[in-house]
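Enquirer: here is my input, please return the structure:
(one chain, ligands or ions: 1)
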Amino acid sequence: MVVGSVAYSAGMTLAEERAIIGALSPSRAGDFMTCPLLYRFRVIDQLPERPSPAAVRGTLVHAVLERLYDLPAEARTTAAAQDLLEPQWERLLTEEPEYAGLFETDEERAQWLAQARTMVERYFTLEDPRLLEPAEREMYVETVLESGLLLRGYIDRLDVAPTGEIRVVDYKTGTAPRRDFEAKALFQMKFYALALWRLNGTVPRMLQLMYLGNGEILRYTPDEADLRATERKVQALWEAIERSVRTKEWRHRPSRLCDWCDHQALCPEFGGTPPPVPDHRPGTSSRGRGRPRSATDEL
Ligand code: SF4
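Expert: Model prediction:
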């Protein structure tokens, strides 16, 4: 796809005037599908989570790739991207001083930074940023479905071709999923596609997941039927969440993602007991505290 620079997002960030019954992002929808108890801990209890090296590495690599496109096209080289790593890491440390505690030794920190460097380098094996002019980067989108459910999220990159065709791009610092897990990975992208479609009536031409952990790309071409099915799925998910809120029943569902879960001490699977459910409903406010990123978001 030849990509042009098109002012695309004007007027796209305001939720429509409609009674809002709740709000869902792809990450939190993914949490509920993975483990309802994890969703509860994050959204209802709002328990703090320690930043993990994997999640912060994701934040760093995303920041570098976002700022790479601030440079003139011809200057977007591997070396220029790698030169952005240290300054972006310093910026993140200033904004989130607790990141300083991520590493016990300088060697650990150096290894972590080297992994981020490898991921940035790998990005250049997947596409040539000198030939691209993204329409949007780190774009916040929100829209309200007819039911009143607000969908929101951050899209890493939006490319718009001179023909108006849209490509939604997401970077992952994990590795590409096995074929039988691709549908799960694509759910997030279909969620964004649904939000964009409901905002401006155009079905994105391409959804593209770029896995910087192993240098693979997963592409998908959605159609209207896909997005209608996604809308039904999102709606059903919300109804399941509402049911859990009403009944105060939040099942735990163990999986390999438990390895990344900060709440094992409160989880029955690991011998813990969840605290009483606080009297708090899932929030409906708009942007919140910016883009939260967890280790599982990078998978
Ligand atoms: S440890 Fe696993 S089962 Fe328990 S809450 Fe976390 S993700 Fe769910």
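Enquirer: in this protein, where's the longest strand?
Expert: Identified as the longest strand of the chain according to DSSP state E is strand 149-160.
Enquirer: now it: how far from the chain's centre is it?
Expert: The chain centroid and the centroid of strand 149-160 are separated by 9 Å, computed with C-alpha atoms, centre = their mean, to the nearest Å.
Enquirer: got the CA coordinates for that strand in PDB?
Expert: Output in PDB follows, covering the C-alpha atoms of strand 149-160 (Å, rounded to 0.1, in the frame of the first residue of the first chain):
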ATOM      1  CA  LEU A 149     -21.200   1.300  25.300                       C
ATOM      2  CA  LEU A 150     -18.200   3.500  24.800                       C
ATOM      3  CA  LEU A 151     -15.200   1.900  23.000                       C
ATOM      4  CA  ARG A 152     -11.900   3.600  23.400                       C
ATOM      5  CA  GLY A 153      -8.200   2.900  22.800                       C
ATOM      6  CA  TYR A 154      -4.900   4.000  21.400                       C
ATOM      7  CA  ILE A 155      -3.900   3.000  17.900                       C
ATOM      8  CA  ASP A 156      -0.200   2.900  17.400                       C
ATOM      9  CA  ARG A 157      -0.300   4.100  13.800                       C
ATOM     10  CA  LEU A 158      -2.800   4.800  11.100                       C
ATOM     11  CA  ASP A 159      -1.700   4.900   7.500                       C
ATOM     12  CA  VAL A 160      -4.000   6.400   4.900                       C
END
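Enquirer: now do that strand: which elements does it pack against?
Expert: strand 22-24, helix 53-68, strand 136-144, strand 166-172, helix 182-200, helix 224-247 (3 or more C-beta pairs under 8 Å, 6 or more residues apart in numbering; DSSP states H and E). Where C-beta positions appear, they are placed from N, C-alpha and C, glycine not excepted.
Enquirer: out of the ones you listed, deepest packed?
Expert: Mean neighbour count, computed with mean count of other C-beta atoms under 10 Å, is highest for strand 166-172 among those, reaching a mean of 23.
Enquirer: list the pairing partners of that one within its sheet, with orientation.
Expert: Strand 166-172 pairs in its sheet with strand 149-160 (antiparallel), strand 206-211 (parallel), by DSSP bridges.
Enquirer: mind giving me JSON lines with these and columns for mean pLDDT, mean neighbour count and distance to the ligand?
Expert: Shown next, in JSON lines, are these (pLDDT from 0 to 100; neighbours: other C-beta atoms under 10 Å; distance: least, C-beta to the nearest ligand atom, whole Å):
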{"stretch": "strand 149-160", "mean pLDDT": "96", "mean neighbour count": "23", "distance to the ligand": "21"}
{"stretch": "strand 206-211", "mean pLDDT": "98", "mean neighbour count": "21", "distance to the ligand": "22"}
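Enquirer: roughly how far does G164 sit from A225?
Expert: With distances taken as C-beta to C-beta, to the nearest Å, G164 is found 21 Å from A225.
Enquirer: repeat that for E231.
Expert: E231 sits at a distance of 11 Å from A225 (criterion: C-beta to C-beta).
Enquirer: re the thing from before, possible to save the helices and strands packed on strand 149-160 as a markdown table with distance to the ligand and mean pLDDT?
Expert: Output for the helices and strands packed on strand 149-160, formatted as a markdown table (distance: least, C-beta to the nearest ligand atom, whole Å; pLDDT from 0 to 100):
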| stretch | distance to the ligand | mean pLDDT |
| --- | --- | --- |
| strand 22-24 | 18 | 94 |
| helix 53-68 | 15 | 96 |
| strand 136-144 | 27 | 95 |
| strand 166-172 | 19 | 97 |
| helix 182-200 | 15 | 94 |
| helix 224-247 | 13 | 96 |
